[in-house]
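Visitor: okay, sequence plus prediction incoming.
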Amino acid sequence: MRERTTKNRILFSLWVCLWAFPSAFAQTAPSASLYFPPNEGKWRENTGERPALPYFPPNAGNWEQVAPVSVGWNAGKLNEALQIAAKSRSSGVVILHRGRIMAEQYWNLSQNRYHVGKDRAGHAIEDVASAQKSVSAILVGIAQHKGLLSIGDSVQKYLGPGWSKASREQEKAITIRHLLTMTSGLTNALAYEAPPGTRWLYNTTCYARTIEAVAAAAKKSPNELTREWLTGPLGMSDSRWVDRPGPVSRLNPRGFATTARDLARFGLLILAGGKWNGETVIADREYLRAALSPSQKLNPSYGYLWWVNARQTRFPGAPADMVAALGAGEHD
């Protein structure tokens, strides 16, 4: 969907939530409703304009819906997208148009290892695998704004020495920023391999220490701080951290369980620049901009635990300002 202003596209390539605005779906180009800053350069100054705000669903009650054709979407193309989701063994898809539900569909699949339970409507609550990384990135930004930590701090400051298999001095050089950007220099077994910042490796074992550091800095459990800072204000009532059973716990013992609608709320928060129904949830705009931009040159498709498409190499053909929270297994 073409807009007159740059807009971050949010894609949760999971069983849960698809949010994208490709022009192939749109029959008309509606006027812009929000300003989103560029990945590089200065933010536009406020000129006194009062753009229309998106709709934010209430924490309890009905979520407003909108018919695709009434907002210029091609219903046939939209149905094709839902069919692709079904063939990909999705358990649920929610598509929003400026906050309102434009399409929502669920499929009854046999329970898999990601299944945690069902919400009150009978829809799946699942561990969304590595999509949790993007949630953690936002929690780090909130913690930094509260003055609880700095992403330039050594991880040792919060977890103490010995959290990895590197020597104490090697480990001391690893910062929270290195965890956010997957540049710790550690192997998946947490052994030292290279100086931090010199090697990019998608390392879930190392990432798992991120939420532990936030919890230590805040002196609160992951569920307590997540509920207070994020899921509570957004009304993500079916989202929580859970203990993982079985072999997957070796990489990361903690899963993030959520629903299609709850992740749609999270996506709407990101699309709205960290604001929710007039309230500021993510106050550090510079951190959010950095999180959704290439964070280093080793892999320009990665921000702070978010996949980005600034060079259109991660998702060829998709908009350059699209960002994604991706989960492995049956979630992509």
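Guide: Yep, that arrived. Numbers count the residues shown, from 1 in each chain.

Visitor: tell me who's in contact with Leu149.
Guide: Contacts for Leu149 (CB atoms under 8 Å, 6 or more residues apart in numbering) come out as 140, 143, 157-158, 176, 213-214, 217. (C-beta placed from N, C-alpha, C; glycine too.)

Visitor: now those residues: which count as buried?
Guide: 140, 143, 158, 176, 213-214, 217 (16 or more other CB atoms under 10 Å).

Visitor: what about stretch 173-191, start to end distance?
Guide: 14 Å (CA to CA, to the nearest Å).

Visitor: residues of that stretch that come out buried?
Guide: Those would be 173-187, 190, for stretch 173-191 by 16+ other CB under 10 Å.

Visitor: so for that stretch, mean pLDDT?
Guide: Regarding stretch 173-191, the rounded mean pLDDT is 99.

Visitor: what do you get for stretch 245-261?
Guide: What stretch 245-261 shows for mean pLDDT is 91.

Visitor: how distant is it from the center of its chain?
Guide: 15 Å (CA atoms, centre = their mean, to the nearest Å).

Visitor: that older thread, mind picking the two most distant members of the contacts of Leu149?
Guide: For these, the farthest-apart pair by CB to CB is Val140 and Lys157; their separation is 13.8 Å.

Visitor: please verify my assumption that Glu126 contacts Asp262.
Guide: No. Look at Glu126 against Asp262 with CB atoms under 8 Å: they stay out of range, at 10.9 Å.

Visitor: which SSE is Asp262 in?
Guide: Per DSSP states H and E: Asp262 is located in helix 260-271.

Visitor: which elements pack onto that helix?
Guide: On a contact count with 3 or more CB pairs under 8 Å, 6 or more residues apart in numbering; DSSP states H and E, helix 260-271 meets strand 9-11, strand 92-97, strand 100-106, helix 232-234, strand 275-276.

Visitor: next, the angle from that helix to strand 100-106.
Guide: 140 degrees (axes from the mean of the first three to the mean of the last three CA atoms, to 10 degrees).

Visitor: tell me which of Glu126 and Asp262 has more neighbours.
Guide: Glu126 (29 against 24; other CB atoms under 10 Å).

Visitor: circling back to that earlier point, just the contacts of Leu149 now: which is nearest Val116?
Guide: Val214 (21.9 Å).

Visitor: nearest to Arg244, out of the helices and strands packed on helix 260-271?
Guide: strand 92-97 (20.8 Å).

Visitor: export the closest one as PDB, just CAs?
Guide: Taking Å, rounded to 0.1, in the frame of the first residue of the first chain, the C-alpha atoms of strand 92-97 are listed here in PDB:
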ATOM      1  CA  GLY A  92      -3.600 -18.100  12.800                       C
ATOM      2  CA  VAL A  93      -3.200 -14.800  10.900                       C
ATOM      3  CA  VAL A  94      -4.300 -11.300  11.900                       C
ATOM      4  CA  ILE A  95      -4.000  -8.400   9.400                       C
ATOM      5  CA  LEU A  96      -4.600  -4.900  10.600                       C
ATOM      6  CA  HIS A  97      -5.500  -1.700   8.600                       C
END
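
Visitor: return the list of strands paired to it, each annotated with direction.
Guide: Strand pairing for strand 92-97, using DSSP bridges, gives strand 100-106 (antiparallel).

Visitor: which residues touch the strand it pairs with?
Guide: By CB under 8 Å, 6+ apart, strand 100-106 touches 55, 63-68, 71, 73, 78, 82, 85-86, 91-96, 123-124, 260, 264.
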